[in-house]
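Student: Coordinates only, no sequence provided:
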């Protein structure tokens, strides 16, 4: 049921805003399947509204710490590799693009929808993520439904939280978390500062798992 709802969302978002009516200033029901929404919202705030801030920028999430995982494979407080995120090309209607790098994984989302009011925002989107090995060869790839919430400031994002659900994956070595598993992570110090990483990213913490890895031990 979770997968069905999430796949419907994927097709809807990928059709573009000219062909589908999304709830104005709200998170569509399919982004968080009804059967887990109440539990999901215990761990991540969902802001709604039609006047979100412009969240364009590059940010460092460090430490990237687990709040909750539905598979129980990591304990709350587990520290993943630092995550470097970017929102860019935001339009007046609150649509932008996203990418992140984390250890040996990269992710991109061409359509991000931002809602909220004042400086509080929630961004929701489908991302494509690739997991590499130490030599840069592809080990696995997946699609994830993601929600990022926080409070934008000129120096970074306060109270950053990132909730995500695995939609589908190609994962021959079973490295990634299972389909339908959902997790929530946060910046452990409560603030994700501005950090110009796009032109200078390096995998300094490649020995740490990414937040989509199935288990603590890298394979």
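Tutor: Cool, got the structure. As the structure is a prediction and not an experimental result, all values here were calculated from the model.

Student: tell me the secondary structure for residue 147?
Tutor: Following DSSP: H, G, I helix; E, B strand; the rest coil, the label given to residue 147 is strand.

Student: The helix or strand where residue 158 lies - contacts with which helices or strands?
Tutor: Under the criterion DSSP states H and E, the helix or strand holding residue 158 is strand 156-170. Packed against strand 156-170 by the contact rule (3 or more C-beta pairs under 8 Å, 6 or more residues apart in numbering; DSSP states H and E) you find helix 2-15, strand 57-61, strand 138-153, strand 182-187, strand 191-193. All C-beta spots, glycine's among them, are computed from the backbone N, C-alpha and C.

Student: Would you mark the buried spots in stretch 77-90?
Tutor: By 16 or more other C-beta atoms under 10 Å, the buried positions in stretch 77-90 come out as 78-87, 90.

Student: which residue is nearest the centroid of the protein?
Tutor: residue 146 (4.2 Å; C-alpha atoms, centre = their mean).

Student: how about it, what does it touch?
Tutor: If a contact means C-beta atoms under 8 Å, 6 or more residues apart in numbering, then residue 146 has 109, 124-127, 162-165 as its contacts.

Student: for residue 90, same thing?
Tutor: Residue 90 sits next to 54-56, 96, 114 when contact means C-beta under 8 Å, 6+ apart.

Student: Any of those residues buried? List them.
Tutor: Buried among the contacts of residue 90 by 16+ other C-beta under 10 Å: 55, 96, 114.

Student: Narrow those to those in strands?
Tutor: Among the buried ones among the contacts of residue 90, the ones falling in strands (DSSP state E) are 96, 114.

Student: which one of the buried ones among the contacts of residue 90 is nearest residue 26?
Tutor: Closest approach to residue 26 among these (C-beta to C-beta): residue 114, at 12.1 Å.

Student: confidence score at that closest one?
Tutor: The model reports residue 114 with a pLDDT of 96.

Student: Which positions are bridged to it in the beta structure?
Tutor: Beta-bridge partners for residue 114, by DSSP bridges, are residue 123.

Student: same check, this time on residue 127
Tutor: residue 144.

Student: which residues does it contact?
Tutor: By C-beta under 8 Å, 6+ apart, the neighbours of residue 127 are 98, 100, 107-109, 143-144, 146.
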